[in-house]
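**Q** sequence and predicted structure are below.
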Amino acid sequence: MALSKRERFIMVATITVVLAFLLDSYMVTPLLEQRADANAAEQTAVRKMENASLLFARARRMNQTWQAMLSNGIRGQVGQAESILLRALRDWSDESGLTLSSLKPERLPQQGPLSQVTIHAVGGGPMQSVARFLWLVETAELPLKVEEMQLDSRKEGTDDLSFQMRLSALYVPVEAEAPASEPMTEPSAGENP
């Protein structure tokens, strides 16, 4: 059976289209999908690596901050810890121009190697003094935390505020001191994070 030129052209074109379809379905499309999956996996791995690097850098900074807090922090018996904290609060109130009318320590039971002392402070002054006092408390090298704070106006329409604050400080009892913990290190090249 002899095919005409037109029929041969249609048959070659049909075979070419079918081969192109099969080649695309079984080779090109799967390869492109694998490549897209590989690129997505690479981007995920790069993100994870960047996050791990940031985590280790943050761990180093936090470790340095923790060591500074321990070295500059409060050590000794509970009475010494209260004394250090009360002196710091008085110094900060003098520096900020705030008037402290009451400082009342509260002793909490020890939980673990660190103990906690809580101080209730009551005072007043202008907004600028209160803001400065809070800034000094928050940026202190002592391990402090503002637990509660209440700010009220003494007289409506004036810059005379009263505040009540409860803050706590961690201290290391002398008998509980132990060698400093080992800093977090980055895994070597062969280890998985």
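**A** Yep, that arrived.

**Q** strands along this structure, start to end?
**A** 74-75, 99-107, 115-125, 144-153, 161-172 (DSSP state E).

**Q** nearest to Arg60, out of the ones you listed?
**A** strand 161-172 (21.2 Å; Cβ to Cβ). Using the backbone N, CA and C atoms, a C-beta is placed for each residue, glycine as well.

**Q** now do the closest one, average pLDDT.
**A** Mean pLDDT, strand 161-172: 86.

**Q** re earlier: and the strands of the chain as JSON lines, adding distance to Leu55?
**A** Formatted as JSON lines, the strands of the chain follow (distance: least, Cβ to Cβ, whole Å):
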{"stretch": "strand 74-75", "distance to Leu55": "29"}
{"stretch": "strand 99-107", "distance to Leu55": "36"}
{"stretch": "strand 115-125", "distance to Leu55": "28"}
{"stretch": "strand 144-153", "distance to Leu55": "23"}
{"stretch": "strand 161-172", "distance to Leu55": "24"}
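
**Q** among those strands, which comes closest to Ile10?
**A** For the strands of the chain, distance to Ile10 was read as Cβ to Cβ. The smallest value, 83.8 Å, belongs to strand 144-153.

**Q** ok, the closest one: who's next to it in the sheet?
**A** strand 161-172 (antiparallel) (DSSP bridges).
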